[in-house]
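K.L.:
here you go, sequence then predicted model.
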Amino acid sequence: MSTKIEAYLEENSERFLEELFSFLRIPSISTNSENKSDVNRCAQWLFDHLKGIAISELEIHETAGHPILYAEYLVDENKPTILLYGHYDVQPPEPLELWDSPPFEPEVRDGKIFARGATDDKGQLFAHLKAIEAHLAVNGTLPVNVKMLIEGEEEVGSPSLEPWIVDNKEKLSCDAVIISDSSMYAPGIPSIMYGLRGLAYFEIELHGPSHDLHSGLYGGAVPNPINILASVIASFHDSEGRIAIEGFYDNVRELSTAEQDEWARLPFADDAFLRETGAKGLEGETGFSTLERVWARPTLDCNGIIGGFTGDGAKTVLPAKAKAKFSCRLVPDQDPKIIEDLVLAHLAKVCPSSVRYEVELHHGGKPVITGKEGIAVDAAKKALSKSWGSEPVFIRGGGSIPVVATFCEVLEVPTVLMGLGLNDDRLHSPNEKFDLENFYKGIHTSAYFWTEI
Ligand code: BES
Ligand code: MN
Ligand code: MN
């Protein structure tokens, strides 16, 4: 990378931050219908921004959900073509009272940018856009062909994007996909993520009596949906922390000894991990290390539970219904559709006939292993080494980006997950942040990446 680009990045660093702030101010919450116009406004903001940095081939595609932004800057058909993916939608900010500053009024404190979307994914995506801007501003062109696909529905499972990719396979043809929507292994340790977990998501509602009852008059003789829901949830695990659903582990790929050894060499301390969580102790499936539990083993976790009387004081009620949301993180080679069937069969077995229940299936995603080889991985390695001063480590991630499996299957090209965030960024939580160092080094990393490839 030329010193001219370095100088451009230096000279414009303050403006980059101001622009990121404008991006972060738009409450593009994909799951809330009240924010529909904000989500549209955010797509339009990106469109205008890309136009401003001289990307002329730009399209906004309306979908049944939120708009998809597609852009390309093609320089030479003999050079590689890289597809940059990111998402401009964010998670809801609630609970608002736990934020130290309002979620959509970004501010820097202590060297960190605080805002919803700061790290997931606006800040990480924007780092790439600024690196591309620098190349265009300094050289009037890019070192390779670049396509960009930026969606507004990642946080709701990418329902519109997946079919769109299938329909636009030719348009999206490329040599590799690059994504920065994950984390580095630890502060100062640059990383390439080569695997992600998948997801299957459920919502169950149990119905007991047709209306709330006096628990003195009826309690003990009428099914209580909360009690039953609790026993249903308890049936999901055995005493060893294993998931007690028949067939659940059938397709789980065992961890290779090479991976086990590699992970054992990574600097890791259970107590530091524990401190990040604020919990009193760790627990999980017997026989696996913490890294194995979060990277290579499937889970079933309740995400929410609703039912009965939750106001102040005591009310002796036998509730009519109870509800829980729960989800499974999946690992290769589990298939979300098969897992859905197994969970439904388990529910049919454990729910007593005295209650009626309904299950809603939400959008999930397949687990992936993206691999450690190829031109894009090599370029990412060099770019990360140059900007962080040490070789990246290869890691897997416990989170999910459903569209990665679609890139692998439909475009049949490798995806490189070059996470620029940190594990303590509090993504999806109050006080989400992105370290200024990660933002600026991320821009450098991206600028090197385009040159290296
Ligand atoms: N960027 C995250 C995924 C992520 C974070 C992967 C950190 C690896 C490390 C993404 O925006 C996300 O939150 N995905 C959802 C899945 C979706 C279907 C709601 C998730 O993992 O819960
Ligand atoms: Mn994300
Ligand atoms: Mn997210």
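P.N.:
Yep, it's here. Ligands and ions are numbered 1, 2, ... in the order given.

K.L.:
nearest residue to Glu373 other than its sequence neighbours?
P.N.:
Spatial nearest neighbour of Glu373, chain neighbours left out: Pro414 (7.7 Å); criterion: C-beta to C-beta, 6 or more residues apart in numbering. (Glycine included, C-beta is placed from N, CA and C.)

K.L.:
from Thr451, how far out is the one you found?
P.N.:
Look at Pro414 and Thr451: by C-beta to C-beta, to the nearest Å, they are 20 Å apart.

K.L.:
about what we covered before: which pLDDT value goes with the residue nearest to Glu373?
P.N.:
Looking at Pro414, its pLDDT stands at 95.

K.L.:
for it, grab the count of nearby residues.
P.N.:
As a burial measure, Pro414 scores 20 neighbours (other C-beta atoms under 10 Å).

K.L.:
is it true that it touches Thr370?
P.N.:
Yes: look at Pro414 against Thr370 with C-beta atoms under 8 Å: they come within range, at 5.8 Å.

K.L.:
can you report phi and psi for Gly188?
P.N.:
phi 80, psi 0 (degrees, to the nearest 10).

K.L.:
list the contacts of it.
P.N.:
388, 390 (C-beta atoms under 8 Å, 6 or more residues apart in numbering).

K.L.:
and the pLDDT at it?
P.N.:
94.

K.L.:
what sits against the closest residue to ligand 1 within the stretch 51-200 of the chain?
P.N.:
The minimum distance from the stretch 51-200 of the chain to ligand 1, using C-beta to the nearest ligand atom, falls at Ser182 (3.6 Å). Ser182 sits next to 193, 196, 397, 399, 401, 417, 419, 421 when contact means C-beta under 8 Å, 6+ apart.

K.L.:
ligand 1 next: which of those residues are close?
P.N.:
Among the contacts of Ser182, proximity to ligand 1 is found for 196, 397, 399, 401 (C-beta under 6 Å from any ligand atom).

K.L.:
who touches both of Pro414 and Thr370?
P.N.:
Cys408.

K.L.:
which of the helices or strands spans the residue of the stretch 301-450 of the chain at minimum distance from ligand 2?
P.N.:
Nearest residue of the stretch 301-450 of the chain to ligand 2: Ile401, at 6.6 Å (C-beta to the ion). Counting by DSSP states H and E, no helix or strand carries Ile401.

K.L.:
hang on, it packs against Val177?
P.N.:
No: the criterion here is C-beta under 8 Å, and Ile401 misses it with Val177 at 10.6 Å.

K.L.:
tell me the domain ranges of the protein?
P.N.:
Recorded structural domains for the chain (assignment: automatic domain parsing) are 3-196+367-452, 198-252+298-361.

K.L.:
redo those as CSV? Include distance to Asp270.
P.N.:
Below are the domains of the chain laid out as CSV (distance: least, C-beta to C-beta, whole Å):
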stretch, distance to Asp270
domain 3-196+367-452, 14
domain 198-252+298-361, 15
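
K.L.:
deepest of these, which one?
P.N.:
Ranked by mean neighbour count under mean count of other C-beta atoms under 10 Å, the domains of the chain are led by domain 3-196+367-452, which reaches a mean of 19.

K.L.:
pull up the distance across it, start to finish.
P.N.:
15 Å (C-alpha to C-alpha, to the nearest Å).

K.L.:
show me what whatever helix or strand Leu229 lives in is packed up against.
P.N.:
Assigned by DSSP H and E, Leu229 falls within helix 225-234. The helices and strands touching helix 225-234, judged by 3 or more C-beta pairs under 8 Å, 6 or more residues apart in numbering; DSSP states H and E, are strand 198-207, strand 299-307, strand 321-330, helix 336-350.

K.L.:
looking at these, which is closest to Ser158?
P.N.:
strand 198-207 (11.3 Å; C-beta to C-beta).

K.L.:
now that closest one: mean pLDDT?
P.N.:
Strand 198-207 comes out at a mean pLDDT of 98.

K.L.:
can you give me the helices in the chain?
P.N.:
Along the chain, counting by DSSP state H, helices occupy 3-11, 13-25, 36-52, 122-139, 161-167, 215-218, 225-234, 257-265, 270-277, 290-295, 336-350, 375-388, 403-406, 436-452.

K.L.:
which stretch among those comes nearest ligand 1?
P.N.:
Among the helices of the chain, helix 122-139 comes nearest to ligand 1, with 8.3 Å by C-beta to the nearest ligand atom.

K.L.:
residue contacts, Tyr194?
P.N.:
369-372, 394-396, 417.

K.L.:
looking at the domains of the chain, spot the one closest to Asp271.
P.N.:
domain 3-196+367-452 (14.1 Å).

K.L.:
distance of Glu6 from Glu133?
P.N.:
Glu6 sits 14 Å away from Glu133, going by C-beta to C-beta.

K.L.:
with Ala320 instead?
P.N.:
Taken as C-beta to C-beta, the span from Ala320 to Glu133 is 57 Å.

K.L.:
same deal with Arg253?
P.N.:
Distance, Arg253 to Glu133, by C-beta to C-beta: 41 Å.

K.L.:
ok, Pro80 - contacts?
P.N.:
144-145, 175-176, 375, 453.
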